[in-house]
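A.B. asks: sharing a model prediction with you, sequence too.
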Amino acid sequence: MIKLIVIQFSPTGQLFSLLMLLLSAQAVKSREVYTTLYTSDTAPLASFYTPNAAYTRHNFFGPNETPLAVITGYDSYSMTLELDDLSNGAILLSKDIYTRIGRTSYQPLLIAKSGEYKVRVLLGNSELDSYAFKVEREPVLTAAGKPNYEAIISRTSMLMFPNSNEPALYLARASAYEAKGEMDNAIADCSKAIQLRPYDANAYTLRAFLYDAKTNWADALSDWNESVRLKPDNPRGLFGRAYVFEKMGNFEKAILDLEKAIQIFPEDFRGTNTLPGDIIDLDAEIPNLFWRTRSSVSYDRICNRLAWLLATCPDAKLRDAKKSIGLAMESCQLTSWKSAQAIDTLATGYAESGDFDSAIQFEKQALQLTNSTPKRLETFQQRLSLYEQHQAYHQASN
């Protein structure tokens, strides 16, 4: 028979709940030996021996409760543990389970969305037992359709209990931490993901963004270098590294990276589409919108950034007004002339070329758009004043 149990104890002075799904196959003799309990950090807590009668059946799991399928056996057997989604008949898990004398095999049931499920134990083609139960999870999207970052952090932390070596979980949680402004926690999770999978450019990319936000340019550059090394054909890494080069005053290298990013950008995505990033696919319900934004870049943004540097670079030898105007015009066209930032960049290019009438015209157009923040509008107004005095705008030397 199958029983669902709840065991509560206090490993660190606080009540810790672990829900277990005990699968006792009738065809396999049981020695009443049960699994070792673990904390969410997978550190051993306690081993225990207790008869079946000590457990109470449960058929419901709350938001932060993880079922654990446990199979006990007398001799060595190879069985299959299967988890089914009753809403659509999908098999979410099918895994071989081995039992040995004096040991217990167990498998966490990683269920990320609310619904009804059934777990089955099979020996060959014979079903030894099955049990249906319900799970309730906190929505990872708000009523307005926005990511619920608290829920994402809770969900990924829950999944880490049995999957502490899965880098994708740490990257998903790092993205949520970043959205909440908890940069140090986000960096720690990225570092853990890198430790687990040092060849994953995505982890370096996300951590580089975090170092950017903290203006830690040296560490940011180190991570962008690694991101580019691991994925040299990805414009995202070059675009990110160019930003850091610019902040560090190395405008020549910034321009070279942006030129290369434009050169390798896939033709099929040079319209208004964004170059797809690598998406962390934990399950269908957990949104990775923030991570998707971080791991992708659009062609118009790269054009705009290069156009900006070619018009405003402090080093006159690196400026190229004609090329800047061409790139900025392309960026404006790709964004249907609705991007105030792209139009502002076009104005800087015309000012650098000495065509202040056009510079004034486009700066005023940028000011009229409603997608600009108050701070940006103030900046646009300051540049307009320069152009009206027939002065071009250049960045200050670092």
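C.D. replies: The structure has been received and is ready for your questions.
A.B. asks: roughly how far apart are Leu310 and Pro232?
C.D. replies: 24 Å (Cβ to Cβ, to the nearest Å). The way it works is simple: take the backbone N, C-alpha and C, and place the C-beta from them, glycine included.
A.B. asks: got it, and Lys253?
C.D. replies: On the measure of Cβ to Cβ, Lys253 and Pro232 end up 15 Å apart.
A.B. asks: so which of the two has more stuff around it?
C.D. replies: Shown here are Lys253 and Pro232; by other Cβ atoms under 10 Å, Lys253 has more neighbours (15 against 12).
A.B. asks: got the confidence number for the more buried one?
C.D. replies: At Lys253, the predicted lDDT confidence score is 98.
A.B. asks: assign a three-state SS to it, would you?
C.D. replies: Secondary structure, DSSP: H, G, I helix; E, B strand; the rest coil: Lys253 is helix.
A.B. asks: point out where the stretch 201-350 of the chain drops to low pLDDT.
C.D. replies: Within the stretch 201-350 of the chain, the segments meeting pLDDT under 70 span 269, 271-295.
A.B. asks: show me where it has strands.
C.D. replies: Taking DSSP state E, counting those that start in this stretch as the criterion, the stretch 201-350 of the chain contains strands spanning 274-275, 297-298.
A.B. asks: list the strands paired with the last one, with their directions.
C.D. replies: According to DSSP bridges, the neighbouring strands of strand 297-298, each with its direction, are strand 274-275 (antiparallel).
A.B. asks: what's the neighbour count on the nearest residue to Leu310 once chain neighbours are set aside?
C.D. replies: Nearest non-adjacent residue to Leu310, counting by Cβ to Cβ, 6 or more residues apart in numbering: Ser324, 3.9 Å away. Applying the criterion other Cβ under 10 Å, we find 25 residues in the vicinity of Ser324.
A.B. asks: contacting residues for Ser324?
C.D. replies: Each residue near Ser324 by Cβ atoms under 8 Å, 6 or more residues apart in numbering is listed here: 306-308, 310-311, 345, 348-349, 352.
A.B. asks: and the helix or strand containing Lys192, what's its mean pLDDT?
C.D. replies: Using DSSP states H and E, Lys192 sits within helix 183-196. The pLDDT scores in helix 183-196 average 96.
A.B. asks: other SSEs contacting the helix or strand hosting Glu150?
C.D. replies: Element membership for Glu150, per DSSP H and E: helix 149-160. Here helix 149-160 touches helix 167-179, going by 3 or more Cβ pairs under 8 Å, 6 or more residues apart in numbering; DSSP states H and E.
A.B. asks: now the helix it packs on and helix 149-160, what's the angle there?
C.D. replies: Per axes from the mean of the first three to the mean of the last three Cα atoms, to 10 degrees, the angle that helix 167-179 makes with helix 149-160 is 160 degrees.
A.B. asks: what about helix 167-179, distance to the chain center?
C.D. replies: 5 Å (Cα atoms, centre = their mean, to the nearest Å).
A.B. asks: what's the angle between that helix and helix 183-196?
C.D. replies: Going by the same axes, to 10 degrees, helix 167-179 makes 160 degrees with helix 183-196.
A.B. asks: rounded mean pLDDT for helix 167-179, please.
C.D. replies: Mean predicted lDDT for helix 167-179 stands at 88.
A.B. asks: list the buried residues in stretch 179-193.
C.D. replies: Neighbour-count burial for stretch 179-193, counted by 16 or more other Cβ atoms under 10 Å, picks out 179, 182-183, 185-190, 192-193.
A.B. asks: give me the contact list for it.
C.D. replies: So stretch 179-193 is contacted by 147, 149-150, 153, 167-168, 170-171, 173-175, 177-178, 200, 203, 206-207, 210-211, 213-214, 290 (Cβ under 8 Å, 6+ apart).
A.B. asks: show me which of the residues you listed are buried.
C.D. replies: Buried among the contacts of stretch 179-193 (16+ other Cβ under 10 Å): 147, 149, 153, 167-168, 170-171, 173-175, 177-178, 200, 203, 206-207, 210-211, 290.
A.B. asks: for stretch 188-203, what is the distance to the chain centroid?
C.D. replies: In terms of Cα atoms, centre = their mean, the centre of stretch 188-203 is found 12 Å from the chain centre.
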